[in-house]
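Undergrad: predicted model follows, preceded by the sequence.
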Amino acid sequence: MGRLWGGDGPEGGTDFVTTAVAEAPEREGRSDIDVLPSVQSWHLGELPNEGWLLFPENSTITVATSEAAVIEDRPQLTVTFTRP
């Protein structure tokens with residue numbers, strides 16, 4: 001289980017790292033975000049796996065959650081594995 005937030009919502013610098021690990025384009029519709037660098041850091045033990053916080057800086061952008069009523073709107077994680 002992860003850590004609990006210190007207050008009513010996430011506070012930068014205490015509840016999450018303020019450095020972005022990826023950025024998505026600010027547009028309507030689905031976006032792809034490359035999270036490979038953070039996953040590799042978790043695998044190598046360089047950073048703890050505490051998940052991601054999807055934090056829109058633009059108030060007109062919304063992010064669907066895993067509880068979204070429309071299943072197609074829910075976030076998806078696609079893993080591509082290449083055997084060494």
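TA: Received it, and whenever you're ready, just let me know what you need. Residues are numbered from 1 along each chain as shown.
Undergrad: pLDDT wise, what is the residue nearest to the spatial centre of the chain at?
TA: Taking Cα atoms, centre = their mean as the criterion, residue 52 is the residue nearest the geometric centre of the chain, at 3.3 Å. pLDDT, residue 52: 80.
Undergrad: and for residue 69?
TA: Reported pLDDT for residue 69: 93.
Undergrad: how many neighbours does it have?
TA: Residue 69 has 7 neighbours, counted by other Cβ atoms under 10 Å. No exception for glycine: its C-beta is placed from N, CA and C like everyone else's.
Undergrad: ok, now how distant is it from residue 32?
TA: 23 Å (Cβ to Cβ, to the nearest Å).
Undergrad: check residue 66 too.
TA: According to Cβ to Cβ, residue 66 stands 18 Å off from residue 32.
Undergrad: need the contact list for the closest residue to residue 54 other than its chain neighbours.
TA: Distances taken as Cβ to Cβ, 6 or more residues apart in numbering place residue 63 nearest to residue 54, at 4.6 Å, with adjacent residues excluded. By Cβ atoms under 8 Å, 6 or more residues apart in numbering, residue 63 lies in contact with 54, 56, 75.
Undergrad: does the residue nearest to the second one when sequence neighbours are not counted count as helix, strand or coil?
TA: Using Cβ to Cβ, 6+ apart and skipping the chain neighbours, the partner closest in space to residue 56 is residue 63 (6.1 Å). The local conformation at residue 63, judged by DSSP: H, G, I helix; E, B strand; the rest coil, is coil.
Undergrad: before we move on, back to that, thought residue 20 was touching the residue nearest to the centre of the chain, still the case?
TA: No. Residue 52 is beyond contact range of residue 20, at 10.1 Å (criterion: Cβ atoms under 8 Å).
Undergrad: residue 37 - how many residues pack around it?
TA: Counted with other Cβ under 10 Å, residues neighbouring residue 37 total 11.
Undergrad: could you do the one 3 residues further on as well?
TA: Using other Cβ under 10 Å as the criterion, residue 40 is surrounded by 11 other residues.
Undergrad: name the helix or strand for it, please.
TA: Element membership for residue 40, per DSSP states H and E: helix 36-43.
Undergrad: tell me which residues in that helix are buried?
TA: 38-39 (16 or more other Cβ atoms under 10 Å).
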